[in-house]
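Colleague: Everything below, folded, please.
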Amino acid sequence: MKTGCTQPLPGASIEVLTEPGPVALSARGRVFTALLPIAVTGLIALSGTCFSSAARATTAAEPGAGPEASGEASRVAAASTGSLSGIVRVGPRLMGRRIRFNIYPDANPAPPAEASPSLEAEMANVVVYLQSAPALSVAPVSRSGPYRMEQSHEAFVPHVLTVMVGTVVEFPNTDPIYHNVFSLSKSSSFDLGRYPNGSARSVRFDRPGIVKVFCHIHSDMSAVVLVLDNPFFTTPDPKGAYTMPGIPPGRYLVTGWHERARPIHREVTIEAGQTSLVDLAIPLEDEPDGR
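Modeller: Coordinates of the predicted model:
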C-alpha cells in the first residue's frame, strides 16, 4: 500500500473524504495524499506522526467494534482448533457394601453401610484426558480454581479431583471432629496432621501422577487427586456424555480413567473446525482377593 505525506504538525487534524480512491488531506496548509482502498469518514487527531490508510481505517472502526471484534476472535479461535466428544460406558458395579465405623459415636452417628454406587454416580469418578503432547503444553487454555477436597460426613468430597501440575488444593474440614490428610504416593507424599472443624490445610501438586489420599484417623476415608500436565481433561455427565473443546489440530492419545479399572486408550485425530468422536467403554470388575 502506498502512502505519501509530509510530517504534520502536533495537534493537526486530517479530514478524510467520503469517496474511495486518492484522497486529499490537509494539515495547516500542507497538502499530502494517500491511496485508500476503502472509503472512510471522520476527523482523526494526530500527535505529530504520519500513519497509513490501513491504520486510519482501523481507527475509524474501533469505537463500535468491541463486542463484534471479541466475537470474531472467538470464532477465529474455534476455527483454528478442534474438539473431542463421545460417550463413556461404565461396566458392572465394583464394590459390595462396606461397613463403616465411627470412632466418635457421640459427635456424629455412624453412617449406614455403604451400598455400591450407581453407574450414573460412577461417572463422577471417570476422567477423560489427552496424553501429554508438545502441542498441548503451549495451547492457550487455562484452568481456574480454587480447588477444594472437603472432609465432609467422614468422606472426601469430591472423591476424585483432577488438576494440572502446579495446582494448590485446599482440604477443609467441615465435620465436627478432627481429621487428617496424608498420602504416600510416589508423585506426592505429604501429611497435613490432625486439624479440627473449620480448619483447612493445602498442598501444592508439582508432579503429574495419581495421588491417593487418606485419613489417619478414619481408615475407610480415601480419595484420589489425578495430576495432569496439560489442561485437556473432563468428566462425563451422569449419562456418560463428554466434550473437550479448543484442542490444537494433531494426533493424540485419549485416555478414559477410573481408579478401579485399567486405563482405556484410543488414538484420535483432531482437525481444525471439526469435532472428533471417541466412545469409551470402561469395564469395572471386582479384583481377585489378594490384589
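
Colleague: Poorly predicted segments of the stretch 101-250 of the chain, please.
Modeller: For the stretch 101-250 of the chain, the stretches with pLDDT under 70 are 101-117.

Colleague: Tell me where it has helices.
Modeller: 119-122, 134-137 (DSSP state H, counting those that start in this stretch).

Colleague: closest one to residue 150 among the ones you listed?
Modeller: Closest to residue 150 of these, according to Cβ to Cβ: helix 119-122, at 17.4 Å. Bear in mind the C-beta positions are built from the backbone N, C-alpha and C, glycine included.

Colleague: Go through that closest one and flag the buried ones.
Modeller: residue 122 (16 or more other Cβ atoms under 10 Å).

Colleague: re earlier: now that we have the helices of the stretch 101-250 of the chain, can you turn them into TSV and tack on distance to residue 166?
Modeller: Shown next, in TSV, are those (distance: least, Cβ to Cβ, whole Å):
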stretch	distance to residue 166
helix 119-122	29
helix 134-137	12
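
Colleague: Residue 177: how many residues sit nearby?
Modeller: Per other Cβ atoms under 10 Å, the neighbour tally for residue 177 reads 17.

Colleague: Ignore what I typed, I meant residue 143.
Modeller: Neighbours around residue 143, by other Cβ under 10 Å: 12.

Colleague: In contact with it, which residues?
Modeller: Contact partners of residue 143, counting by Cβ atoms under 8 Å, 6 or more residues apart in numbering, are 163-164, 167, 231.

Colleague: between these, which is closest to residue 136?
Modeller: Of all those, the one with the least separation from residue 136 (Cβ to Cβ) is residue 231, at 7.8 Å.

Colleague: residue contacts, that closest one?
Modeller: By Cβ under 8 Å, 6+ apart, the residues touching residue 231 are 136, 139, 141-143, 164.
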